[in-house]
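Structure of the sequence below:
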Amino acid sequence: MNIKHPALLWSESEFQSHVITLAKQYGFKQIYHTADSRRSNPGFPDLVMVNPRTRRTLFVELKAQSGRVSPDQEVWLDALRVAGQTAMVWRPSDWIAGLVMSTLSGMEMRRARA
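Numbering: from 1, shown residues only. Presented below is the predicted three-dimensional model:
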């Protein structure tokens with residue numbers, strides 16, 4: 001029997017809701033999401049999250065499990081990375097693997113320094 005994890009079936013909107021809830025639990029106080037992407041620059045990441053306590057800002061593009069990153073999104077993410085920002089794409093499989101929690105909690109940064 002082939003049973004899929006329920007998170008793999010999340011829409012981008014459902015996934016975003018879970019990410020925002022978890023981000024708030026980890027102290028991200030400022031969370032920005034463009035309500036109407038038709039009025040913003042093409043490809044700008046879905047979420048900008050700021051944690052004043054840890055002085056971290058994350059730029060995150062969220063995708064449903066089978067969603068594709070557009071060329072405009074890649075340009076934005078690459079430019080942010082080159083500028084020294086943390087910019088990434090997350091999918092529900094990243095939630096299951098613990099990457100979302102690890103990133104929001106700062107655990108991945110502590111491991112990188114060790």
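
Gly43 and Gly98, how far apart?
27 Å (C-beta to C-beta, to the nearest Å). Glycine gets a C-beta too; all of them are placed from N, C-alpha and C.

Pro6 too?
16 Å.

How far off centre is the helix of greatest length in the chain?
In the chain, taking DSSP state H as the definition, the longest helix is helix 12-25. When distances are taken as C-alpha atoms, centre = their mean, to the nearest Å, helix 12-25 is centred 9 Å away from the chain's centroid.

Quick check: next helix or strand after that helix?
strand 30-32 (DSSP states H and E).

Remind me what that following strand packs against, helices and strands.
helix 12-25, strand 47-51 (3 or more C-beta pairs under 8 Å, 6 or more residues apart in numbering; DSSP states H and E).

List of residues touching the helix or strand just after the last one?
With elements assigned by DSSP H and E, the helix or strand that comes after strand 47-51 is strand 56-62. Counting by C-beta atoms under 8 Å, 6 or more residues apart in numbering, strand 56-62 makes contact with 12, 15-16, 19, 28, 45-51, 69, 73, 76-77, 80, 85-91, 103-104, 106, 109, all of which sit outside it.
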